[in-house]
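Q: pasted the sequence and its predicted model underneath.
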Amino acid sequence: MPTDEDGGSAMIGSNGTVSEISAPPSLDAVADLAPVHDRNRPVWLALGEDGTISRWDLTAGNHEAVGATTVPAEPDHEPWNGHQLRRRLHASHDGKFAAVVNDYGRFGEVVDLRTGEVTLALDNQGDEEETVPFSLEFAQSRGRCVVIHRTAWNRLDVSDAETGALLTDRSLPHLQTRKPRRSTTATTSTAQCM
């Protein structure tokens, strides 16, 4: 978040204009911001360095704590190619859910901001996580809020944001061991392709 020298304001813009907005004095150091769609009002979720998630209404000039994160700091993380581990805040379009993840790290979580409860613990399985930001996005599907998130180095899954239920189960039934079938129709031209 761009701030002035003392860290007390932010720059925002719309319709080709940029305005400086002072942060409420009670809003502590901000680690990240995420916009929320709230009837054309400029509303943001703010992630404090202490893990507090606040709803900041820029028009009213106030904020209120609506949740907190307990995502682990991953102290054994070793930066790769200058990518420092940092907490990133994501917001659902309606501001009912937030996700806090460790970019260039392994862990994150989804928080229901109406109750303050963690609905989904995130883990991308720790394979090459230091090379990319943590893949995560909120979306709407069939009338409910879903979260699309990385669960392995080459896999994205979709979960229900409210319940944490996995919606993209890809488990395969146990395959029976069978003898390979012999092909009696192989010709010279297909054998060359094999």
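A: Now that the structure is in, tell me what you want to look at. Residues are numbered from 1 along each chain as shown.

Q: residue contacts, the most centrally placed residue in the chain?
A: Nearest residue to the geometric centre of the chain (C-alpha atoms, centre = their mean): L136, 3.7 Å. Residues counted as contacts of L136 (C-beta atoms under 8 Å, 6 or more residues apart in numbering) are H90, A99, V101, G108, L122, V147, I148, H149, R150. (C-beta placed from N, C-alpha, C; glycine too.)

Q: those into a markdown table, with extra columns for distance to T131?
A: Below are the contacts of L136 laid out as a markdown table (distance: C-beta to C-beta, whole Å):
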| residue | distance to T131 |
| --- | --- |
| H90 | 20 |
| A99 | 20 |
| V101 | 15 |
| G108 | 16 |
| L122 | 17 |
| V147 | 22 |
| I148 | 19 |
| H149 | 17 |
| R150 | 12 |
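
Q: pLDDT check: weakest of these?
A: In terms of pLDDT, R150 ranks lowest among the contacts of L136, with 88.

Q: what sits closest to E137 if chain neighbours are left out?
A: I148 (4.9 Å; C-beta to C-beta, 6 or more residues apart in numbering).

Q: which of the residues in the host helix or strand of the one you found are buried?
A: For I148, the element it lies in under DSSP states H and E is strand 144-152. Neighbour-count burial for strand 144-152, counted by 16 or more other C-beta atoms under 10 Å, picks out C145, V146, V147, I148, H149, R150, T151.

Q: now stretch 35-44
A: Buried residues in stretch 35-44 (16+ other C-beta under 10 Å): V36, V43, W44.

Q: stretch 82-94 now?
A: Applying 16+ other C-beta under 10 Å to stretch 82-94 flags H83, L85, R87, R88, L89, H90, A91, S92 as buried.

Q: so of the residues you listed, which ones are in helices?
A: When DSSP state H is applied, the buried residues of stretch 82-94 are split such that none fall in helices.

Q: farthest pair within the residues you listed?
A: Pairwise distances across these (C-beta to C-beta) peak at 26.2 Å, for the pair H83 and S92.

Q: ok, which stretches of this protein are helices?
A: 188-193.

Q: would you map the strands across it?
A: 9-14, 17-22, 30-38, 41-48, 52-57, 62-68, 86-91, 97-103, 107-112, 117-123, 136-141, 144-152, 155-160 (DSSP state E).
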